[in-house]
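# Sequence first, then the predicted structure, then my questions.
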Amino acid sequence: MRIIIKKIDVYTPAYECDRTDAEIKNVILLIGDGMGLNQITAGAYANKGLSLLGLHSIGFHVNLAKNAFTTDSAAGGSALATGERHDNRHISMSDDGVAYPSLTDWFADKGHAVGVVSLGNIADATPAAFYAHNVERDSADAITRCILENKVDLLCGSGLDLFTERKDGLDMISLLSENYDFITDTDKICDSDGKVICIDDDMGDAAEEANLDLLADVTRSSIAQLRKLDKDGFFLMVEGAKIDYAGHSRCLPGSVIEMLSFDKAIAEALKFADEDGHTLVIVTADHETGGLMLLDGDEKTGRIMGVYVSDDHTPSMIPVFAYGPGSDRFSGVYCNTEVARRIRLLTE
């Protein structure tokens, strides 16, 4: 299949802060939902490069669910969020209903600002794992009620109907507005002087050239807003949600353009890390979707050919890329739970 997409710029890191023992004040964790090695490869050939591939510290994580060989996003995302293995469908909670503290809990308790961003529905499993606890990923009312605990300083994604058309009858916008500026336009994230919830349904649209910068713009604004809160540092999780959607749809152009959208967000994180010198950036996925196999292509033109062997998740090992102080600790092959555990160890 021939894919013609306007090329995106590739950012080359400065490497001055990479693999050092400098104090880590900020952590940016970027999760490409459904992003396996071949999604990365397809994006790199189509674009003739990715910012992601400039990172030198690379590992792989094994991502089996506790009760299944192949993980869903709930178990995979929750493992990355908490450092504990999960049953499928569980959101940062054990099989007997005990909440596992997530990285959001960890950093909030340390006095850091915390942000969760998804280029998709904010109650989907991966972002939910970073602010909620539940044994059922589809319990949207219960999941979004967890926001009322006020652990998160910034939340951004799509799904406005989750707040306006609820089965539990709560006026969530009014309740949240007691502690947050509740907005529906990503362009206004930095207009606030306090906590922000931005539910903009444009975040749910499939990537195309017209909105290819959206996740990168939101990532940049979120970093600026979290810094404005002037806490002891920040933790930000950014999800490229629709790489997964493209895999489920067996859509190679979709996989490529969603990968490029995600890579632009990665570039924003790397630029800030170079400017700051005390920021650890980690890029990984919760699982691979579609079993994408690349068959042929043309290096000069960026043409690629590929097929999907499934329309669902696969148990492939997932790459982990890291940059900044302590990034060398993410090399090797390990269980997905080690990502959160190593983050906690480095920021104790």
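Arrived safely, thanks for sending. Note that the structure is predicted; figures quoted are calculated from it, not measured.
# what stretches of the stretch 201-348 of the chain score poorly on pLDDT?
Low-confidence segments of the stretch 201-348 of the chain (pLDDT under 70): none present.
# Isn't residue 19 up against residue 13?
No: using CB atoms under 8 Å, residue 19 is not in contact with residue 13, being 11.3 Å away. No exception for glycine: its C-beta is placed from N, CA and C like everyone else's.
# how close does residue 287 sit to residue 348?
Using CB to CB, to the nearest Å, residue 287 is found at 28 Å from residue 348.
# More neighbours: the two, which one.
Taking neighbours as other CB atoms under 10 Å, residue 287 and residue 348 compare with residue 287 leading, 29 against 6.
# I'd guessed that one sits against residue 76; true?
Yes: here residue 287 lies in contact with residue 76, judged by CB under 8 Å, at a distance of 4.7 Å.
# Next, show the common contact partners of those two.
residue 63 (CB atoms under 8 Å, 6 or more residues apart in numbering).
# show me what contacts the residue lying closest to residue 297 once chain neighbours are set aside?
Of all residues not flanking residue 297 in the chain, residue 304 sits nearest, at 4.0 Å (CB to CB, 6 or more residues apart in numbering). Residues near residue 304 by CB under 8 Å, 6+ apart: 1, 3, 42, 45-46, 252, 256, 294, 296-298.
# switch the cut-off to 6 Å
For residue 304, the contacting residues are 42, 45-46, 297, by CB atoms under 6 Å, 6 or more residues apart in numbering.
# Check residue 83 too.
With contact set as CB under 6 Å, 6+ apart, residue 83 has these partners: 337, 340-341.
# Grab the nearest non-local neighbour of it.
residue 340 (3.6 Å).
# Now for the one you found, which secondary structure element holds it?
Element membership for residue 340, per DSSP states H and E: helix 337-346.
# Could you identify the longest strand within this structure?
In the chain, taking DSSP state E as the definition, the longest strand is strand 113-121.
# now for that strand, which elements pack on it?
If you count contacts as 3 or more CB pairs under 6 Å, 6 or more residues apart in numbering; DSSP states H and E, strand 113-121 packs onto helix 103-109, strand 154-158, helix 214-228, strand 234-240.
# For it, output the C-alpha coordinates as PDB.
Provided in PDB are the C-alpha atoms of strand 113-121 (Å, rounded to 0.1, in the frame of the first residue of the first chain):
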ATOM      1  CA  ALA A 113       2.100  18.400  39.900                       C
ATOM      2  CA  VAL A 114       0.500  15.500  38.000                       C
ATOM      3  CA  GLY A 115      -1.000  15.500  34.500                       C
ATOM      4  CA  VAL A 116      -2.800  12.800  32.400                       C
ATOM      5  CA  VAL A 117      -3.300  13.400  28.700                       C
ATOM      6  CA  SER A 118      -4.900  11.100  26.100                       C
ATOM      7  CA  LEU A 119      -5.500  11.600  22.400                       C
ATOM      8  CA  GLY A 120      -8.700   9.700  22.900                       C
ATOM      9  CA  ASN A 121     -11.400   9.100  25.500                       C
END
